[in-house]
Each structure stands twice: as structure tokens, then as C-alpha cells.
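Colleague: Here is a sequence with its predicted model. Questions after.
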2 protein chains.
Amino acid sequence: MMPRKSWVASANDPNTDFPLNNLPCGVFSINDGEPRCGVAIGDMILDVTALEENDILRPGDEPVFDVPFWNDFMELGPDTWARFRADLTAQLAEGADRRTDVKPHLVRQADAKMHMPFAVAEFTDFYAGRNHATNVGTMFRGPENALPPNWLHIPIGYNGRASSVVVSGTDFHRPWGQLKSPDHDMPAFLPSRRFDFELEMGAVIGQPSDGPVTVAEADEMIFGYVLLNDWSARDIQAWEYQPLGPFQAKATATTISPWIVTRAALEPFRTSTPEREKPLLPYLQEPGPMLYDIDLAVQLAPEGRPATTIARTNMAELYYSAAQQLAHHTTSGCPMNVGDLLGSGTISGPSRESRGSLLELSWGGKEPLALDSGETRTFLEDGDTITMTGAAQGDGYRIGFGTCRGTVLPARADPYAR
Amino acid sequence: MMPRKSWVASANDPNTDFPLNNLPCGVFSINDGEPRCGVAIGDMILDVTALEENDILRPGDEPVFDVPFWNDFMELGPDTWARFRADLTAQLAEGADRRTDVKPHLVRQADAKMHMPFAVAEFTDFYAGRNHATNVGTMFRGPENALPPNWLHIPIGYNGRASSVVVSGTDFHRPWGQLKSPDHDMPAFLPSRRFDFELEMGAVIGQPSDGPVTVAEADEMIFGYVLLNDWSARDIQAWEYQPLGPFQAKATATTISPWIVTRAALEPFRTSTPEREKPLLPYLQEPGPMLYDIDLAVQLAPEGRPATTIARTNMAELYYSAAQQLAHHTTSGCPMNVGDLLGSGTISGPSRESRGSLLELSWGGKEPLALDSGETRTFLEDGDTITMTGAAQGDGYRIGFGTCRGTVLPARADPYAR
């Protein structure tokens, strides 16, 4: 179904990420001003903080856009989400009755600096890509023991670090950490030499829970999705992760795209998880399709050189949906809160070109990857920029996520050499 | 050194947990009123929110006790912590000049309901008890491989779930979870049958960081300590924890004592970590004693029966201090925030009577523990109450933590049988 036309001309371009039926949620600032809530439309941003301040469009009785994050809006719940989306759509569609009131509150995306779209309450990262888990397991444990015995029964996850989640465009330094080479007896404190990206989707939790929820209830709690790059120091992880899992290897930065694409915008693109090799316990069974047909791509650009697309895959490669992960997350009674972020796990397809990490693309560093610039890569080098993009392709339009980008700056001087 | 005498008579009892030189920080309410910040003194609580409201004692220019947690106060930093402590001490000591202003703001602890003393930003749980790690490792991997290869080099830790941290006195239901018996092919969704406590200390982070910090700097960031019970579902953990660590097994509840005992109050009780079996990397080396000589005890009371003391140990049994753990936590550049909570890991001494979990006390369930009531325990049964206490013993006084208590209520009806 073609979207309705918008009076914002750029929203009608079939190549825009942000047509009228996307309306993703972000936080932006202009000229170093205060960050404000906004919705992307074509190449513009509609300043919804201004709409609320000026009583043009208000999601609720109390202000929710007087803070630079969407959490207060999310707290209002799914009925308000739907009503506000309908109101925004009406006012941005051709023939809108209040176009003259709304128009002054459009700003150009090109002039805006993007900020974190929501305050991350807690961050959980999952491991739901079967090809990824199989590839990693094969490298570390051999093909017979590639998948851990629990993998086909549980959406495996671990708690990540919310304080390290940053918005696209936030560069950071290569981390130092405690490492041990297989050929050394003792560990050393060094900059990571096997620093990597991980292509994931993030689900943004928009409603709380205080006890176990079903997969259907979990789906209703999800406000929307972002692209997510779970930067990973493989050498730090290899030494630290037994027996309690990844810790400092995943704590330098996790980058998300600046726009939360709402679940409502993605509805037409629902698709099922793959056929189950082993039956899932009833609490994990899905009442309907819970994944989305979202094409994903990763580009790597060495400093000052053109980018190479190094991976293309699709969200539908996941074995577990965010709704299943969230339901599992609540089984123990674990309270979930507005602003919780769930990473999907690395999304790899079955082919080499669809692998969502350099660990897989270079097969543990053994098969260097050729870039268009003539260089090769096993892991990330200083100055490398990783850019992730994603979009669901409709008939004559697409629901896009914008870009999720970060550059690995050189490690700082030894922080302990003082 | 004997503390100065207080005009609050109960604070001069050598058996009180809360003499004049303790002054721990909590949040309380009376008669279902709004929670307020308070400081324990003898068997009373001094309502510091009231002192601030009435301009009797103010930590800063802006109010910090108008919220029911100590985070805003912690943000003011160590100089303010020290000044406020000195002011409080002066006003509660015999001969205080404003005793008549202060006295109306004392309430009886017996009349108060305690709340979470701070808003937990993020929760990290460590594994720094060598006897505990050795016991658990011996049970699961045999005595030769008891300690993982990294254990003597890294303070092993994992991110926990802040939303599940509750204050002493918060009862909760035995969790359901996905389990697999060794004698079954398939997992099942059942109430945990191996539910356990873990005796830990929690360090409350009072200052932020934005890059790697030294152990000395980390120590300065710690506002104080609490008792911590990291409730653990051993059967859920056994099935879920490979390869990414504990998840739902630790997400039902983590109980802390209601009073944050400040680092300042504990200064006289500093003691060193044990001799190192392997030299630590420089970034983990301590400039001075960073543990505390705090006696700890655990009592188990079946429902309606008297309690049995089932473990006695000391915080000095830890191999790594909270300052070392925090320094390690920052190595990757991971930002730390005011209100972060670090669990020490289970504290077990070398003897059977000093083991800090039922897993160890009953040696994996094989050696049931006899209670004074004539019953035995392998793991916790419905209605069991675990009470932890801790105190540093001075000459004629002690710096106590109050109690950290929780009761395991029966599992709810199957949450998915609808």
C-alpha cells in the first residue's frame, strides 16, 4: 500500500527513509540549542516539543516533550501512541487543516545534531542469530558443538551496560583492557587488538511489567526498534568471559541509530521466525509473526577512504523475536521498565557476505576481508568508520532507520602511566 | 577510639548498630506518609529531609533531600559528604548547640518503614570470594580446575539487573524458570527447586567517572556499603549460563540492607586484601588497605520456627576490594554513574560454617544442613526467611548495617496457564 502523500515534498520521494507512514521518534538540537523531541518526515524534522508548547498537538494533559527523551511519551501507553501517530499523520498529510500552524516547526535534518532518542533504563543483549551463534561456536568449539545445548530452547541473553549506549555519530577511543595471548603465561594491560562491530537490532521497551508476560503481551510493550552496533573487544572477551559472561569487552560503547522506528510503522512488514528445529516451551510460542522483513547493510570506511559494503542481511535471520526475548526476560519476575533496550544479538545470514561481524567475516582473523580501497581487514583499525543502515521495503516507499555510525579513534595514552 | 557520646541515649549503648560515629543513610516513612531521607542514630532516625526543609542543616544551596533517595546528596561529592557528616555529628553529640531544633525531627525506628536508600543506576555483581569460587568450581569442574585461569588476575564480574534490587523486608515469590534436569532430554518451565541466597557486600558508587580510574580514585568514588543478598536460582542458572553468564537466575530479587554505612564510618576498620598468589597488573594494585574488617552472619528461619545461624564470616575473606573491582570496571572506558551498585561476590570463609550460600553449605545439595528446629535444608523452602547482619567491632562500640532480610514466598500459580 502506497502511503498517503505529505505536503512535505521530500517525504514523497520513494527513496527517503522517512515517508509519512514512518514518523520515527528522535531528539535533536539546532545551533547548540537545547535538545528537543522531533519526528522525521522526508529530509525534515517536525519539532513536536514546539507543537506541544504551542498547544498545536499534545499527546496528553501533562507535557511529555519538555524533556529531551521519549520516555515520558512512551509511559502514556499504546492508546496514546496510536492516537498521536494518527494526529501527526493527519497534520502532515496533504490537505491537513492546520498546515500553517505546523509548518513553522519543521527544521532541516541537515541542520540538526541528533541526540539519544530515549534514556536507556537498562540494556540487555541477546544472542538470537543462529548463523552467528553457529559461526562463533564453530570457531571456538568445533562444528559438532557449535550451538550450546540450551540455544534452541532459550533466547540466551545477558545484561549489558546502559551507561555505554551512545547515539550514532559518537566516536570513541579503542579500549584498553586486560588481555592474555595464548603464547603468554601472564596477562597484560593493552589496547584491544581484536576490536569488532556487531550488527544488531534494538527493541525499545515502552511499557513496564511486574511479573511474567506472554509473548503477545511482550509485543505490545515494545514501542519501536533501532539499529544497534554492539562494539566488541574480542581479545578482552576471550580472557574475561568464563564463567560469568562478557563484561568489559562490551562496555566501551554500544551505538544506536538516532530514530526509533515505531512498531506501528513496521506492522506491514511482520514476518515469522524460522521453523523450529526443536519445539519451544509454550511460554515462548508466538501467536503470530513477530519479526520484521528489514534489509540491513554494513559499510566499513577506512579513514579518508571510500566505504565498502561488507555485509548485507535481514532481521528475519533471527531465530527469536524481541517479543520472545522480552517474555523470557520476565519469567523470573524480573521487572521491566520504560526505556529498557534489548539487543537482538548479531544478525548473520547463511552466506559469507551476510555475516554481521568481522569475527565471522574474517573467520577469527584467518581470512582477511578485501575492501574496495585495496586494503584488507581482519579486525577494526584506528580511524575505521562502521555505518549500518536498515529499511523495510514497501511498494514504492520504504520505512528506514537512518544510519547507525561510529568511528574507532586510536587508543588514548596508557591511562595508568601517570 | 570510643565514639563521642550522643544526647540520643540509645546511641551510646555499646550494642547498638548505630552509634554517633556510624550515621548511616536511609529512606523511611511513618504512617504510610511520603518517604523521606534519614540517618540512623541509636534506635531513632533523624529526619534530614526535615532538617533541610526547616533550614536547620543543609548539605548544599539547592535541596537534595526533597527526593526519597540519597543520589542527589551523593552527587555533591566527598567534600560535602565530609562536611555534612561533621555537622550531623556536632548536632547529635552531647552539648550540641541546636539540640532543641534537631530533637523534634527524631522518629523511632520501630515506627518507621524502610525504603530503598538510593535509586540504583546499574548493578554489577562480582565473584571476588576465593573460597566461594573454589567451592563452586570444585563442585562443577573438580578440584584441579576449581578456579578459572583468569580468576587470580581479574576481578570477574557481570552486569546484573538494577530493577530487581529491593530493600530488606521485601518478600517475593519463588521464581518460575526454564530448567532442565540431567535425566531429561527436554527442558521444562517450572518453579525453581534449587533456590539459594548469596551473602555479599554491596558498594554504592557516589561519584561518576568517564574513563579509566585508578584504585585510589575508585576508592574515593565509593560513598558507602550495604549488606547484599544475591538470591540465586541454581537450577535456572545451570541451564542458562553458557556461554553468556547468569541471567534470569539472578533477576528475581537482590536484597540490600536499608542503611548505607558510609566509607567515612568504616575508615577505622580498613584491612588489606590477602597476599597475592600471582602478582596483579599495576592497574589493580592497591595503594593501601581497601577491605574492611566486618563480621557477617546469616540466619535461616523456617516459617513460624526459630532462626538458626547457618554461616559466620568476614568481609576480609574477599580477594578483591570494591575499589579494585570499580577500577577494573572502568578500564574499557565504561562510564560509571552515581547510584551504581557493585556486589562483592559471595563471601565464604575457609571452614564449612563460614560458607556464604546453601550451594556450598549443603555441597550442591548432597550434605543437608541441620537447623536448630530439627529440620534440614539443601536449598530454600517456601516460607524460609534469610536474615543477614554485619558489623565492624570497635572498642566499646560497633558500626553495624542493620539487617538484610527476605522471605521466599511460594511460587505463584503458573503464570502462563490462562
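Modeller: Done, it's in. Please read these numbers as outputs of a predicted model, since none were measured by experiment. Numbers count the residues shown, from 1 in each chain, chains lettered A, B, ... in the order given.

Colleague: could you say which helix or strand contains the closest residue to chain B within chain A?
Modeller: For chain A, the residue closest to chain B is A:Gly245, as judged by C-beta to the nearest C-beta, at 2.4 Å. In this view, the C-beta of every residue, glycine as well, is placed from N, C-alpha and C. Assigned by DSSP states H and E, A:Gly245 belongs to no helix or strand.

Colleague: so what's it closest to, chain neighbours aside?
Modeller: B:Gly245 (2.4 Å; C-beta to C-beta, 6 or more residues apart in numbering or on different chains).

Colleague: The one you found contacts A:Pro243, doesn't it?
Modeller: Yes - look at B:Gly245 against A:Pro243 with C-beta atoms under 8 Å: they come within range, at 7.4 Å.

Colleague: These two - which one has more neighbours?
Modeller: B:Gly245 (26 against 20; other C-beta atoms under 10 Å in any protein chain shown).

Colleague: for that one, what are its contacts?
Modeller: Remark: with contacts taken as C-beta atoms under 8 Å, 6 or more residues apart in numbering or on different chains, B:Gly245 is in contact with A:Tyr158, A:Tyr241, A:Pro243, A:Leu244, A:Gly245, A:Pro246, B:Tyr158.

Colleague: can you pick the most crowded of those residues?
Modeller: A:Gly245 (27 neighbours).

Colleague: Okay, that residue and B:Tyr158: tell me how far apart.
Modeller: 5 Å (C-beta to C-beta, to the nearest Å).

Colleague: and of the contacts of B:Gly245, the nearest to A:Leu326?
Modeller: Taking C-beta to C-beta as the measure, A:Leu326 lies nearest A:Tyr158 of the contacts of B:Gly245, at 14.9 Å.

Colleague: Now do the helix or strand hosting that closest one: distance to the chain's middle.
Modeller: Element membership for A:Tyr158 (DSSP H and E) is strand A:157-159. Distance of strand A:157-159 from its chain centroid, counting by C-alpha atoms, centre = their mean, to the nearest Å, is 16 Å.

Colleague: helices or strands next to the next helix or strand after it in the packing?
Modeller: Sequence-wise, the next helix or strand downstream of strand A:157-159 (DSSP H and E) is strand A:165-167. On a contact count with 3 or more C-beta pairs under 8 Å, 6 or more residues apart in numbering or on different chains; DSSP states H and E, strand A:165-167 meets strand A:254-256.

Colleague: Could I get the full set of helices for the stretch 251-400 of chain A?
Modeller: Assigned by DSSP state H, counting those that start in this stretch, the helices in the stretch 251-400 of chain A fall at A:263-266, A:322-330, A:358-361.

Colleague: Of those, which stretch is the most buried?
Modeller: Burial of those is given as mean neighbour count (mean count of other C-beta atoms under 10 Å in any protein chain shown); helix A:322-330 ranks first at a mean of 27.

Colleague: what about that helix, near chain B?
Modeller: Yes - using C-beta under 8 Å from any C-beta of the partner chain, helix A:322-330 comes into contact with chain B via A:His328, A:His329.

Colleague: list residues touching both of A:Gly245 and B:Tyr158?
Modeller: A:Tyr158, B:Gly245, B:Pro246.

Colleague: Pipe those into a markdown table and attach pLDDT and distance to A:Ala301 per row.
Modeller: Listed next are the shared contacts of A:Gly245 and B:Tyr158 as a markdown table, based on pLDDT from 0 to 100; distance: C-beta to C-beta, whole Å:
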| residue | pLDDT | distance to A:Ala301 |
| --- | --- | --- |
| A:Tyr158 | 98 | 30 |
| B:Gly245 | 95 | 34 |
| B:Pro246 | 96 | 38 |
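
Colleague: nearest to B:Ser362, of those residues?
Modeller: Once C-beta to C-beta is applied, the member of the shared contacts of A:Gly245 and B:Tyr158 that ends up nearest B:Ser362 is B:Pro246, at 19.6 Å.

Colleague: distance of that closest one from chain A?
Modeller: 7 Å (C-beta to the nearest C-beta, to the nearest Å).

Colleague: Quick check, that residue in contact with B:Ile156.
Modeller: No - B:Pro246 is beyond contact range of B:Ile156, at 11.8 Å (criterion: C-beta under 8 Å).
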